[in-house]
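Colleague: got a predicted structure here, sequence first:
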Amino acid sequence: MKLIIAGSTGFVGTELVRQALSLPSITSVVALSRRTTPVPSSLAPNADLSKLKSVACEDFGNYSDEVKKELSNADACIWTIALTPSRYRAVPWDEAVRICSGYAVYALETISKLSDANRPFKFVYFSGSSAVRDPAQKPLILGDYLVMRGEAENKVLKYAAGSNGKVEACILKPGLITAPGKTNIVVQALATVGRALIGLPKIDVGDLSSALLSQIVRREGFEKDTLFSEDMERIAKAA
Ligand SMILES: NC(=O)c1ccc[n+]([C@@H]2O[C@H](COP(=O)([O-])OP(=O)(O)OC[C@H]3O[C@@H](n4cnc5c(N)ncnc54)[C@H](OP(=O)(O)O)[C@@H]3O)[C@@H](O)[C@H]2O)c1
(Lines give C-alpha, C1' and ligand atoms only; values in the text may rest on other atoms or scores of the structure.)
Protein backbone atom coordinates (compact mmCIF):
# COMPACT_ATOMS: atom_id res chain seq x y z
CA MET A 1 0.00 0.00 0.00
CA LYS A 2 1.18 3.50 -0.85
CA LEU A 3 0.28 5.95 1.91
CA ILE A 4 0.61 9.74 1.79
CA ILE A 5 1.02 11.44 5.16
CA ALA A 6 0.44 15.17 4.73
CA GLY A 7 1.80 17.37 7.48
CA SER A 8 4.57 14.87 8.09
CA THR A 9 6.72 17.44 9.88
CA GLY A 10 4.05 18.07 12.52
CA PHE A 11 3.40 16.48 15.91
CA VAL A 12 0.93 13.84 14.70
CA GLY A 13 2.44 13.47 11.23
CA THR A 14 5.85 12.59 12.65
CA GLU A 15 4.41 9.75 14.74
CA LEU A 16 2.36 8.45 11.81
CA VAL A 17 5.46 8.33 9.62
CA ARG A 18 7.44 6.62 12.39
CA GLN A 19 4.86 3.86 12.81
CA ALA A 20 4.05 3.47 9.10
CA LEU A 21 7.70 2.66 8.36
CA SER A 22 7.34 -0.46 10.54
CA LEU A 23 4.10 -1.77 9.06
CA PRO A 24 4.79 -4.44 6.42
CA SER A 25 1.47 -3.84 4.62
CA ILE A 26 2.49 -0.23 3.96
CA THR A 27 5.12 -0.50 1.27
CA SER A 28 5.53 3.18 0.44
CA VAL A 29 5.28 6.24 2.70
CA VAL A 30 5.11 9.64 1.00
CA ALA A 31 5.84 12.31 3.61
CA LEU A 32 4.22 15.46 2.22
CA SER A 33 5.01 18.83 3.78
CA ARG A 34 6.14 22.34 2.87
CA ARG A 35 9.70 21.40 3.84
CA THR A 36 11.79 18.23 3.93
CA THR A 37 10.57 15.67 6.43
CA PRO A 38 13.35 14.54 8.76
CA VAL A 39 13.74 10.85 9.53
CA PRO A 40 11.77 10.28 12.75
CA SER A 41 13.74 9.45 15.87
CA SER A 42 13.13 6.27 17.91
CA LEU A 43 12.42 4.10 14.89
CA ALA A 44 11.43 0.52 15.67
CA PRO A 45 14.06 -2.13 14.80
CA ASN A 46 11.91 -3.37 11.90
CA ALA A 47 11.44 0.11 10.40
CA ASP A 48 12.21 0.16 6.69
CA LEU A 49 13.63 3.55 5.76
CA SER A 50 13.73 2.66 2.07
CA LYS A 51 9.93 3.08 2.06
CA LEU A 52 10.17 6.76 2.98
CA LYS A 53 9.95 9.48 0.34
CA SER A 54 9.98 13.07 1.53
CA VAL A 55 8.09 15.40 -0.81
CA ALA A 56 8.37 19.15 -0.19
CA CYS A 57 5.48 21.03 -1.76
CA GLU A 58 5.66 24.76 -2.49
CA ASP A 59 2.02 25.37 -3.25
CA PHE A 60 -0.72 23.32 -1.56
CA GLY A 61 -3.33 24.96 -3.75
CA ASN A 62 -1.72 24.03 -7.06
CA TYR A 63 0.63 21.04 -7.18
CA SER A 64 3.53 21.05 -9.60
CA ASP A 65 3.79 18.17 -12.07
CA GLU A 66 6.69 16.82 -10.04
CA VAL A 67 4.62 16.74 -6.85
CA LYS A 68 1.66 15.19 -8.71
CA LYS A 69 3.95 12.44 -9.95
CA GLU A 70 4.99 11.60 -6.39
CA LEU A 71 1.37 11.59 -5.23
CA SER A 72 0.03 9.43 -8.04
CA ASN A 73 -1.23 5.88 -7.54
CA ALA A 74 -1.59 6.25 -3.79
CA ASP A 75 -4.01 4.01 -1.92
CA ALA A 76 -4.58 6.36 0.98
CA CYS A 77 -3.84 9.81 2.34
CA ILE A 78 -3.90 11.04 5.93
CA TRP A 79 -4.30 14.83 6.00
CA THR A 80 -2.97 16.48 9.19
CA ILE A 81 -2.09 19.90 7.73
CA ALA A 82 -3.98 22.62 9.58
CA LEU A 83 -3.51 25.45 12.00
CA THR A 84 -4.35 24.36 15.53
CA PRO A 85 -6.52 26.68 17.70
CA SER A 86 -3.42 28.20 19.27
CA ARG A 87 -1.98 29.14 15.85
CA TYR A 88 -4.75 30.17 13.47
CA ARG A 89 -4.95 33.77 14.74
CA ALA A 90 -1.36 34.37 13.60
CA VAL A 91 -2.55 34.60 9.96
CA PRO A 92 -5.42 36.48 8.27
CA TRP A 93 -8.74 34.60 8.44
CA ASP A 94 -8.87 33.85 4.68
CA GLU A 95 -5.46 32.27 4.87
CA ALA A 96 -6.43 30.19 7.91
CA VAL A 97 -9.46 28.88 5.98
CA ARG A 98 -7.28 28.06 2.99
CA ILE A 99 -4.76 26.16 5.13
CA CYS A 100 -7.28 24.31 7.32
CA SER A 101 -9.90 23.55 4.70
CA GLY A 102 -8.99 24.55 1.12
CA TYR A 103 -5.74 22.60 1.04
CA ALA A 104 -7.45 19.41 2.22
CA VAL A 105 -10.32 19.63 -0.27
CA TYR A 106 -7.95 20.36 -3.16
CA ALA A 107 -5.79 17.41 -2.08
CA LEU A 108 -8.77 15.08 -1.94
CA GLU A 109 -10.02 16.13 -5.37
CA THR A 110 -6.58 16.03 -6.98
CA ILE A 111 -4.95 13.00 -5.42
CA SER A 112 -8.03 10.77 -5.72
CA LYS A 113 -8.04 11.44 -9.47
CA LEU A 114 -4.37 10.42 -9.63
CA SER A 115 -5.09 7.10 -7.93
CA ASP A 116 -6.02 3.73 -9.42
CA ALA A 117 -9.65 3.92 -10.57
CA ASN A 118 -10.21 0.24 -9.76
CA ARG A 119 -9.83 0.50 -6.02
CA PRO A 120 -11.23 2.95 -3.51
CA PHE A 121 -8.96 5.77 -2.43
CA LYS A 122 -8.98 6.32 1.34
CA PHE A 123 -8.77 9.84 2.72
CA VAL A 124 -8.56 10.86 6.38
CA TYR A 125 -9.15 14.47 7.41
CA PHE A 126 -7.84 15.34 10.85
CA SER A 127 -10.26 17.64 12.64
CA GLY A 128 -11.07 17.98 16.32
CA SER A 129 -13.73 16.80 18.75
CA SER A 130 -15.20 20.27 19.18
CA ALA A 131 -15.57 21.16 15.48
CA VAL A 132 -19.25 21.52 14.55
CA ARG A 133 -20.84 20.60 11.21
CA ASP A 134 -23.95 22.70 11.80
CA PRO A 135 -23.18 26.45 11.93
CA ALA A 136 -26.28 26.88 14.11
CA GLN A 137 -24.38 25.00 16.81
CA LYS A 138 -21.52 27.55 16.79
CA PRO A 139 -19.75 27.35 20.16
CA LEU A 140 -19.13 30.49 22.21
CA ILE A 141 -15.39 29.89 22.38
CA LEU A 142 -13.42 29.56 19.11
CA GLY A 143 -16.79 29.58 17.31
CA ASP A 144 -15.67 30.71 13.83
CA TYR A 145 -12.71 28.35 13.86
CA LEU A 146 -14.76 25.34 14.98
CA VAL A 147 -17.50 26.00 12.40
CA MET A 148 -14.86 26.37 9.68
CA ARG A 149 -13.30 23.02 10.63
CA GLY A 150 -16.79 21.45 10.64
CA GLU A 151 -17.46 22.86 7.17
CA ALA A 152 -14.26 21.20 5.97
CA GLU A 153 -15.51 17.91 7.44
CA ASN A 154 -18.78 18.35 5.51
CA LYS A 155 -16.93 19.04 2.25
CA VAL A 156 -14.74 15.95 2.59
CA LEU A 157 -17.70 13.69 3.40
CA LYS A 158 -19.81 15.20 0.59
CA TYR A 159 -17.06 14.62 -1.95
CA ALA A 160 -16.73 10.98 -0.88
CA ALA A 161 -20.51 10.49 -0.95
CA GLY A 162 -20.64 11.75 -4.54
CA SER A 163 -17.70 9.67 -5.74
CA ASN A 164 -19.60 6.46 -6.55
CA GLY A 165 -17.44 4.51 -4.14
CA LYS A 166 -14.20 5.83 -5.60
CA VAL A 167 -13.35 7.67 -2.37
CA GLU A 168 -13.74 6.42 1.19
CA ALA A 169 -13.41 9.28 3.64
CA CYS A 170 -13.01 9.34 7.37
CA ILE A 171 -13.02 12.32 9.71
CA LEU A 172 -10.88 12.02 12.79
CA LYS A 173 -12.15 14.00 15.77
CA PRO A 174 -9.71 13.58 18.64
CA GLY A 175 -9.76 15.70 21.78
CA LEU A 176 -6.32 16.62 23.06
CA ILE A 177 -3.46 14.58 21.67
CA THR A 178 -0.66 13.99 24.13
CA ALA A 179 2.77 12.41 24.16
CA PRO A 180 4.55 11.24 27.31
CA GLY A 181 7.49 13.51 28.00
CA LYS A 182 6.73 15.69 24.96
CA THR A 183 3.50 17.38 25.89
CA ASN A 184 4.37 20.81 27.22
CA ILE A 185 3.08 22.27 30.44
CA VAL A 186 0.55 24.55 28.69
CA VAL A 187 -1.05 21.59 26.88
CA GLN A 188 -1.06 19.59 30.11
CA ALA A 189 -2.82 22.44 31.89
CA LEU A 190 -5.29 22.77 29.00
CA ALA A 191 -5.97 19.05 29.16
CA THR A 192 -6.76 19.24 32.86
CA VAL A 193 -8.98 22.34 32.55
CA GLY A 194 -10.61 21.08 29.34
CA ARG A 195 -11.45 17.72 30.83
CA ALA A 196 -12.84 19.31 33.97
CA LEU A 197 -14.96 21.89 32.11
CA ILE A 198 -16.22 20.20 28.96
CA GLY A 199 -15.11 16.61 29.28
CA LEU A 200 -12.47 17.09 26.55
CA PRO A 201 -11.01 13.64 25.98
CA LYS A 202 -7.29 13.08 25.53
CA ILE A 203 -5.46 10.39 23.64
CA ASP A 204 -1.83 9.42 23.35
CA VAL A 205 -0.35 10.18 19.92
CA GLY A 206 1.09 6.64 19.72
CA ASP A 207 -2.29 5.00 20.37
CA LEU A 208 -4.02 7.38 18.00
CA SER A 209 -1.53 6.65 15.22
CA SER A 210 -1.59 2.88 15.63
CA ALA A 211 -5.40 2.89 15.65
CA LEU A 212 -5.54 5.06 12.53
CA LEU A 213 -2.99 3.02 10.61
CA SER A 214 -4.90 -0.16 11.46
CA GLN A 215 -7.99 1.46 9.92
CA ILE A 216 -6.01 2.50 6.85
CA VAL A 217 -4.80 -1.03 6.10
CA ARG A 218 -8.12 -2.65 7.07
CA ARG A 219 -9.45 -4.64 4.14
CA GLU A 220 -13.09 -3.75 4.92
CA GLY A 221 -12.31 -0.03 4.98
CA PHE A 222 -13.02 2.43 7.78
CA GLU A 223 -15.21 1.21 10.61
CA LYS A 224 -17.28 4.38 10.22
CA ASP A 225 -16.91 7.77 8.56
CA THR A 226 -16.23 9.66 11.80
CA LEU A 227 -13.96 8.47 14.57
CA PHE A 228 -13.63 10.09 18.00
CA SER A 229 -10.96 9.63 20.70
CA GLU A 230 -12.98 6.87 22.38
CA ASP A 231 -13.23 4.96 19.08
CA MET A 232 -9.49 5.30 18.58
CA GLU A 233 -8.75 4.10 22.14
CA ARG A 234 -10.89 1.02 21.53
CA ILE A 235 -9.36 0.33 18.10
CA ALA A 236 -5.83 0.85 19.47
CA LYS A 237 -6.46 -1.71 22.21
CA ALA A 238 -7.73 -4.24 19.67
CA ALA A 239 -4.82 -3.49 17.31
N1 LIG B 1 -2.34 18.42 18.70
C2 LIG B 1 -3.54 18.23 19.24
O3 LIG B 1 -3.70 18.12 20.48
C4 LIG B 1 -4.75 18.11 18.34
C5 LIG B 1 -6.01 17.84 18.92
C6 LIG B 1 -7.11 17.67 18.10
C7 LIG B 1 -6.98 17.78 16.73
N8 LIG B 1 -5.75 18.05 16.19
C9 LIG B 1 -5.65 18.16 14.73
O10 LIG B 1 -4.70 17.24 14.26
C11 LIG B 1 -4.03 17.77 13.11
C12 LIG B 1 -2.53 17.74 13.33
O13 LIG B 1 -2.21 18.47 14.50
P14 LIG B 1 -0.70 18.62 15.01
O15 LIG B 1 -0.74 18.83 16.47
O16 LIG B 1 0.14 17.52 14.44
O17 LIG B 1 -0.30 20.02 14.31
P18 LIG B 1 1.18 20.60 14.02
O19 LIG B 1 2.21 19.94 14.85
O20 LIG B 1 1.04 22.08 14.13
O21 LIG B 1 1.45 20.16 12.51
C22 LIG B 1 0.74 20.78 11.48
C23 LIG B 1 1.33 20.44 10.13
O24 LIG B 1 0.73 21.33 9.20
C25 LIG B 1 1.78 22.01 8.50
N26 LIG B 1 1.41 23.37 8.15
C27 LIG B 1 1.04 24.36 8.99
N28 LIG B 1 0.83 25.50 8.28
C29 LIG B 1 1.08 25.19 6.98
C30 LIG B 1 1.04 25.94 5.77
N31 LIG B 1 0.73 27.24 5.74
N32 LIG B 1 1.36 25.30 4.62
C33 LIG B 1 1.70 24.01 4.63
N34 LIG B 1 1.77 23.25 5.74
C35 LIG B 1 1.46 23.84 6.90
C36 LIG B 1 2.97 22.02 9.44
O37 LIG B 1 4.15 22.23 8.69
P38 LIG B 1 5.48 22.88 9.38
O39 LIG B 1 6.05 21.78 10.23
O40 LIG B 1 6.33 23.24 8.22
O41 LIG B 1 5.01 24.05 10.20
C42 LIG B 1 2.85 20.62 10.03
O43 LIG B 1 3.39 19.67 9.13
C44 LIG B 1 -4.60 19.17 12.91
O45 LIG B 1 -5.67 19.12 12.01
C46 LIG B 1 -5.14 19.52 14.28
O47 LIG B 1 -6.17 20.48 14.23
C48 LIG B 1 -4.64 18.22 16.96
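Modeller: Great, that's in hand. Residues are numbered from 1 along each chain as shown.

Colleague: got the residues of this structure near the ligand?
Modeller: Proximity of the chain to the ligand (CB under 6 Å from any ligand atom) is limited to residues 7, 9-13, 33-35, 60, 80-84, 99, 126, 128, 174, 176-177. The way it works is simple: take the backbone N, C-alpha and C, and place the C-beta from them, glycine included.

Colleague: filter the residues you listed to the buried ones?
Modeller: Those of these that meet the buried threshold are 7, 9-13, 33, 60, 80-83, 99, 126, 128, 174, 176-177, by 16 or more other CB atoms under 10 Å.

Colleague: endpoints of stretch 64-80, how far apart?
Modeller: For stretch 64-80, the first-to-last residue distance is 20 Å (CA to CA, to the nearest Å).

Colleague: just stretch 48-58 next, same as before
Modeller: Stretch 48-58 has an end-to-end distance of 27 Å (CA to CA).

Colleague: about what we covered before: just the ones of the buried ones among the residues of the chain next to the ligand in helices?
Modeller: Using DSSP state H, the subset of these located in helices is F11, V12, G13.

Colleague: in a markdown table: those residues, plus pLDDT.
Modeller: Converted to a markdown table, those look like this (pLDDT from 0 to 100):
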| residue | pLDDT |
| --- | --- |
| F11 | 97 |
| V12 | 98 |
| G13 | 98 |
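
Colleague: does the longest helix seen in the chain pack against any helices or strands, and if so which?
Modeller: Counting residues, the longest helix found in the chain (DSSP H) is helix 143-161. Applying 3 or more CB pairs under 8 Å, 6 or more residues apart in numbering; DSSP states H and E, we find helix 143-161 packed against helix 93-97, helix 103-113, strand 121-126, strand 167-173.

Colleague: how about the third one: buried residues?
Modeller: When you say that, I think you mean strand 121-126. Result for strand 121-126 [16+ other CB under 10 Å]: buried residues F121, K122, F123, V124, Y125, F126.

Colleague: go on, the second one?
Modeller: Using 16+ other CB under 10 Å as the test for burial, helix 103-113 gives Y103, A104, V105, Y106, A107, L108, I111, S112.

Colleague: got the contact list for it?
Modeller: For helix 103-113, contacts defined as CB atoms under 8 Å, 6 or more residues apart in numbering pick out 4, 6, 60-61, 63, 68, 71, 74, 77, 79, 81-82, 121, 123, 125, 152, 155-156, 159, 163, 166-167, 169.
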